[in-house]
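**Q** Predicted structure and sequence below. I'll ask about it afterward.
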Amino acid sequence: MVQPHSPTVRGRRLARELRELREQAGLRPEDVARRLGWSRQKVMRIERALTKASGHDLNAVMDLYGITSPRRDALLQLAKDAWKRGWWTAYRDIFAGTYLSLEDEASQIRDWQPQVVPGPLQTPDYAREVVMAFTDDASDIERRVAARMTRRSILSRPNTPEIQVVLDESILYRRVGGAETMRAQFNSLLADADRPRLTLQVLPFDRGRHPGLNGAFVILTFEAGLDPDIAYLETPGGDIYLESADDVARRRVTFDKLSQLAMSPDESRARIQRAAREITDD
């Protein structure tokens with residue numbers, strides 16, 4: 001029995017290729033279902049990366065589509081890679097959705113944040129204060145903080161993605177925890193800003209009206225041929241993934257405008273340094 005899962009980038013790519021192969025074969029989902037003795041729903045769930053197809057199922061559809069090696073071997077290997085467990089699977093109880101698997105495989109991350117420091121850049125104490133805004137369960141809080149610290153590994157691994165972050169200046173004023181927590185967070189941001197593949201900018205108050213007023217979003221870009229760009233929005237009503245080329249392009253334009261309005265990386269570093277100096281003890 002196939003199981004529901006949260007698809008990785010490679011899982012989404014496999015699903016897309018299976019859909020394209022079906023269309024090239026001139027078959028509708030109901031045609032495939034009838035010939036293989038499946039339900040139409042099963043075909044659609046596999047093609048939408050909502051269900052893991054077994055090796056037997058993959059061989060069956062490739063037989064039907066007339067796929068031979070080396071293409072067949074490549075797809076079977078892609079399926080194996082798509083099912084590999086990532087670090088986040090140990091935290092399935094607290095991480096819903098597919099975002100972390102997508103973030104983990106991105107080659108470029110562009111992140112606009114108007115409220116808090118992004119998760120991968122948070123210090124333990126800052127992360128704890130953010131988590132405490134949503135839960136008062138002590139064990140749950142510590143587990144979530146541990147997960148966020150594990151997430152920071154994306155900054156130092158060998159294949160670190162190119163990361164560009166634009167922070168609203170309000171983040172430098174918002175006390176998330178005490179003075180020591182904020183001072184440590186600012187110093188951590190300064191250290192992260194020195195990473196070769198990370199660009200950090202601050203959007204100052206005096207820019208006034210700007211295109212990021214609708215809220216935070218992240219744009220994930222993947223290696224060529226792996227998956228199309230995705231724009232991600234975290235909302236109180238749930239996660240939203242924008243995948244159409246037009247939707248992602250609009251978010252890309254918005255991010256570029258925010259980056260242009262923001263201080264330069266050097267100016268931003270100086271602004272964060274000033275914030276660290278000006279923070280007053282409790």
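**A** Sure, I can see it.
**Q** mind listing the strands for the stretch 1-150 of the chain?
**A** Assignment of strands within the stretch 1-150 of the chain using DSSP state E, counting those that start in this stretch yields the ranges 108-113.
**Q** where are the low-confidence patches of it?
**A** 1-9, 82-89, 92-93, 95-97 (pLDDT under 70).
**Q** now the helices for it?
**A** Ranges of helices in the stretch 1-150 of the chain, per DSSP state H, counting those that start in this stretch, are 9-24, 29-36, 40-47, 55-65, 71-82, 99-105, 124-132, 138-151.
**Q** Repeat that for the stretch 151-282 of the chain.
**A** Under DSSP H, counting those that start in this stretch, the stretch 151-282 of the chain gives helices at 179-193, 245-261, 265-278.
**Q** out of these, nearest to residue 73?
**A** Closest approach to residue 73 among the helices of the stretch 151-282 of the chain (CB to CB): helix 245-261, 30.5 Å. In short, each C-beta sits where N, CA and C put it, glycine included.
**Q** now that closest one and strand 108-113, what's the angle there?
**A** When axes from the mean of the first three to the mean of the last three CA atoms, to 10 degrees is applied, the directions of helix 245-261 and strand 108-113 differ by 70 degrees.
**Q** Residue 168 bridge partners, please.
**A** residue 203 (DSSP bridges).
**Q** Cross-check the contact I'm expecting between it and residue 115.
**A** Yes: here residue 168 lies in contact with residue 115, judged by CB atoms under 8 Å, at a distance of 7.5 Å.
**Q** For those two, work out which one has more neighbours and name it.
**A** Remark: of residue 168 and residue 115, residue 168 carries more neighbours, 24 against 13, as counted by other CB atoms under 10 Å.
**Q** so who does the residue of the chain most remote from its centre touch?
**A** Using CA atoms, centre = their mean, the residue of the chain lying farthest from its centre is residue 35. It sits 37.5 Å away. Contact partners of residue 35, counting by CB atoms under 8 Å, 6 or more residues apart in numbering, are residue 64.
**Q** For residue 162, list each beta-bridge partner.
**A** residue 108.
**Q** So it versus residue 77, what's the distance?
**A** Distance of residue 162 to residue 77, given as CB to CB, to the nearest Å: 27 Å.
**Q** the more surrounded of these two?
**A** More neighbours surround residue 162 than the other of residue 162 and residue 77, with 14 against 11 (other CB under 10 Å).
**Q** Please produce TSV containing the helices of the stretch 1-150 of the chain, extended by distance to residue 216.
**A** Listed next are those as TSV, based on distance: least, CB to CB, whole Å:
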stretch	distance to residue 216
helix 9-24	22
helix 29-36	36
helix 40-47	30
helix 55-65	38
helix 71-82	28
helix 99-105	13
helix 124-132	13
helix 138-151	16
